[in-house]
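**Q** Take this sequence and fold it.
(one chain, ligands or ions: 2)
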Amino acid sequence: MKLITAIIRAYQLDQVREGLIAAGISRITVSRVSGHGAQLTEEVYRGKKIIPGLIPKMRVEIAVNEEFVDTAVNAIIDAARSENEIKGEIGDGKIFITNLEECIRIRTGERGGSAI
Ligand SMILES: Nc1ncnc2c1ncn2[C@@H]1O[C@H](COP(=O)(O)OP(=O)(O)OP(=O)(O)O)[C@@H](O)[C@H]1O
Ligand SMILES: [Mg+2]
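**A** Residues are numbered from 1 along each chain as shown. Ligands and ions are numbered 1, 2, ... in the order given. Model prediction:
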């Protein structure tokens, strides 16, 4: 099992959810987060350099069995990458994939892949 964590643009959340559902993935957790990526624009306030502000983003978490990893990742990329003749835009977000030790459905006590 894997945990897919995607940090995406807030306004692309509905599109990403739609894409995931179309790909057969309906179980997700979403939270409002903020952060910054590689680009840090220096800001000066009252003559002092300050660290740049945090940008609001959405974090989408999906726990899946191995065979759904590529499907989920591709659906997220297709929906979250900005329309552009070249290839997306700076700030389109990132996907992290981690091993998931265990999953337990509280209602039934099922564990592992069948609980997902
Ligand atoms: N290495 C990281 N660790 C934790 N959070 C990250 C990391 N990289 C990106 N993020 C989160 O993802 C959001 C979007 O990142 P972003 O798409 O700007 O990444 P990037 O590496 O700067 O790529 P790009 O050059 O395409 O902008 C950030 O605001 C931050 O919340
Ligand atoms: Mg960036």
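**Q** Direction included, what does whichever strand or helix holds V30 pair against?
**A** Element membership of V30 [criterion: DSSP states H and E] is strand 29-35. Using DSSP bridges, the strands paired with strand 29-35 are strand 55-64 (antiparallel).
**Q** buried residues in stretch 102-116?
**A** 103, 115-116 (16 or more other C-beta atoms under 10 Å). In this view, the C-beta of every residue, glycine as well, is placed from N, C-alpha and C.
**Q** and which of these is nearest ligand 1?
**A** Relative to ligand 1, the closest of the buried residues of stretch 102-116 is C103; by C-beta to the nearest ligand atom it sits at 23.5 Å.
**Q** Need the phi and psi values for the residue of the chain positioned farthest from its centre.
**A** Centroid-distance maximum for the chain: G47 at 36.6 Å, with C-alpha atoms, centre = their mean. Dihedral pair for G47: phi 80, psi 0, per degrees, to the nearest 10.
**Q** in this protein, what spans have low per-residue confidence?
**A** By pLDDT under 70, the chain has no low-scoring segment.
**Q** Just the strands from it, written as ranges.
**A** 2-9, 29-35, 43-45, 48-50, 55-64, 94-99 (DSSP state E).
**Q** tell me how far the longest helix along the chain is from the chain's mean position?
**A** In the chain, ranked by residue count with DSSP state H as the criterion, the top helix is helix 69-80. Mean-position distance between helix 69-80 and its chain equals 10 Å (C-alpha atoms, centre = their mean, to the nearest Å).
**Q** list the contacts for V16?
**A** Applying C-beta atoms under 8 Å, 6 or more residues apart in numbering to V16 gives the contacts 6, 8, 60, 75-76, 79-80.
**Q** Weed out the non-buried ones from these.
**A** For the contacts of V16, a burial check counting by 16+ other C-beta under 10 Å picks out 6, 8, 60, 75-76, 79-80.
**Q** Out of the buried residues of stretch 102-116, which are close to ligand 2?
**A** Among the buried residues of stretch 102-116, not one lies near ligand 2 by C-beta under 5 Å from the ion.
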